[in-house]
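Visitor: sequence and predicted structure below; questions after.
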Amino acid sequence: MIKENTLNKTLRIIARWFVGLVFIFSSFTKGVDPLGTAFKVEEYMTAWSVGNISFEWALPLAPFLSMALITVEFLVGVLLITGSFRKLTAWILLLMMVFFTFTTLYDAITNKVSDCGCFGDAVKLTNWQTFWKNVVLDVPTLFIFLTRRWPRRKSLERDTLIALAAIAAMVVFGLYNINNEPIIDFRPWKVGNTMIKNLEEGLETTNMVTYKNKETGEFKTMDSKELMDCFASDPQWGDKWEWVGTSTVSPYEIVDPKTDSVVSFPIVNADNEDFTFDLIGAVDGPVMLCTIHHLGDVNERGVEAIAEMKQLAMDRDVRFAVVSCAEQSELLQFLYGHNLMDVEYYFSDDKAIEAMLRSNPGFVVMQNATVRGKWHYKNIDKIKDFPFEIDQK
């Protein structure tokens with residue numbers, strides 16, 4: 001056990017605040033989008049297994065586990081900063097960091113999940129960056145654990161109130177973001193973002209190559225000029241990176257404005273014809289898309305919202321279309337069963353739809369490849385006052 005003195009006391013305070021702030025930031029970026037964290041938990045459950053034992057049986061528990069992880073992480077951060085329940089907090093922190101460190105090490109080695117989601121969509125780290133981030137946190141964590149028995153002057157009542165307040169705050173915050181679109185949108189489909197850089201006609205496609213770093217597992221996609229520059233700047237570049245494949249990039253590809261990376265969002269009709277540019281580009285006026293990523297989970301209130309928004313779009317002379325990942329027969333049965341026979345419908349990937357809107361169903365208005373608005377189906381009253389006529393040509 002480390003003895004208490006002025007230096008060690010100062011270091012303990014710095015350690016508590018450093019780790020505590022990281023935990024609070026991490027829990028906030030996940031708490032602003034609990035469903036996104038739940039999707040990441042599902043990804044881990046699908047990708048990981050122990051021998052012949054998989055974790056897919058626990059997929060229905062993903063939303064609960066997401067909120068539990070976020071709440072515990074926030075709680076530990078608050079307890080560290082306030083110095084509450086020092087011994088218990090030190091033990092929980094140590095166990096969490098041991099779990100996180102070994103989990104991210106395994107993930108970095110196997111690369112079964114490309115992004116751990118430790119900071120949600122706010123900050124993206126590679127698997128190795130995530131592991132080394134945890135190694136850095138392990139140092140103050142160990143110091144906090146070794147100094148957990150130092151004298152304390154806090155009351156049990158005070159610590160209990162802080163803990164209960166922290167739990168309540170994160171639960172309320174998380175539930176709000178589940179029942180609404182996230183209050184802060186860190187995803188590419190943020191309102192105001194332009195998802196296609198150039199809407200000019202007659203542009204040519206670009207051939208791209210993808211390489212993978214043999215050490216870090218990082219993927220890099222570039223055109224032929226960028227590839228030649230890599231070889232020219234580092235003669236050993238070819239030994240560090242291995243070729244993965246080639247692809248053709250359309251000048252009308254959907255691109256994340258923040259990272260300049262391509263965002264996969266294929267939209268096709270029943271005949272498998274591509275309508276991505278037609279719906280996302282929408283140069284002739286706004287288009288309201290109703291996205292459904294889990295058709296079987298659409299409740300009665302969601303169905304009513306679809307019918308109401310379809311009527312609103314007709315009244316405002318706005319194009320309305322449903323985009324779902326369901327099978328055609330299932331989607332048609334759903335539409336016909338709810339008197340929505342005359343609705344345009346298209347198909348896309350479930351992950352792409354989830355990235356655009358967490359709500360199921362959800363509504364987004366696109367025009368000139370720009371996200372003009374997006375709403376949870378429980379907030380459709382806000383759409384009624386939306387100025388669709390702005391920017392119409």
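Guide: Structure's in. What do you need?

Visitor: what distance do you get for Lys40 to Gly238?
Guide: Distance of Lys40 to Gly238, given as C-beta to C-beta, to the nearest Å: 34 Å. Bear in mind the C-beta positions are built from the backbone N, C-alpha and C, glycine included.

Visitor: go on, Glu389?
Guide: Counting by C-beta to C-beta, the gap from Glu389 to Gly238 is 55 Å.

Visitor: coming back round to it: which one of Lys40 and Gly238 is surrounded by more residues?
Guide: More neighbours surround Lys40 than the other of Lys40 and Gly238, with 22 against 12 (other C-beta atoms under 10 Å).

Visitor: ranges for the helices of the chain?
Guide: 6-31, 34-47, 62-82, 86-110, 127-146, 156-178, 224-233, 237-240, 276, 300-315, 328-337, 350-356 (DSSP state H).

Visitor: tell me which of the ones you listed lies nearest to Pro266.
Guide: The closest of the helices of the chain to Pro266 is helix 276. By C-beta to C-beta, the value is 6.1 Å.

Visitor: show the average pLDDT along that closest one.
Guide: The pLDDT scores in helix 276 average 84.

Visitor: can you give me how far that helix is from the chain middle?
Guide: Centroid separation between helix 276 and its chain, computed with C-alpha atoms, centre = their mean, to the nearest Å, is 22 Å.

Visitor: for stretch 161-173, C-alpha coordinates in PDB please.
Guide: Only the C-alpha atoms of stretch 161-173 are listed here, as PDB (Å, rounded to 0.1, in the frame of the first residue of the first chain):
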ATOM      1  CA  LEU A 161     -27.300  10.900  -2.600                       C
ATOM      2  CA  ILE A 162     -24.500  11.500  -5.200                       C
ATOM      3  CA  ALA A 163     -24.700   8.000  -6.500                       C
ATOM      4  CA  LEU A 164     -28.500   8.000  -6.700                       C
ATOM      5  CA  ALA A 165     -28.500  11.400  -8.500                       C
ATOM      6  CA  ALA A 166     -25.900  10.200 -11.000                       C
ATOM      7  CA  ILE A 167     -27.800   7.000 -11.800                       C
ATOM      8  CA  ALA A 168     -31.100   9.000 -12.100                       C
ATOM      9  CA  ALA A 169     -29.500  11.600 -14.300                       C
ATOM     10  CA  MET A 170     -28.000   9.200 -16.800                       C
ATOM     11  CA  VAL A 171     -31.100   7.000 -16.900                       C
ATOM     12  CA  VAL A 172     -33.400  10.000 -17.600                       C
ATOM     13  CA  PHE A 173     -30.900  11.300 -20.200                       C
END
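
Visitor: that one: how far from the chain's middle?
Guide: 23 Å.

Visitor: give the buried residues for it.
Guide: Ile162, Ala163, Ala166, Met170, Val171, Phe173 (16 or more other C-beta atoms under 10 Å).

Visitor: the first one: what's it in contact with?
Guide: With C-beta atoms under 8 Å, 6 or more residues apart in numbering as the criterion, the residues that contact Ile162 are Val78, Leu79, Thr82, Ser84.

Visitor: now it: how far from Ala169?
Guide: For Ile162, the distance to Ala169 - C-beta to C-beta - is 11 Å.
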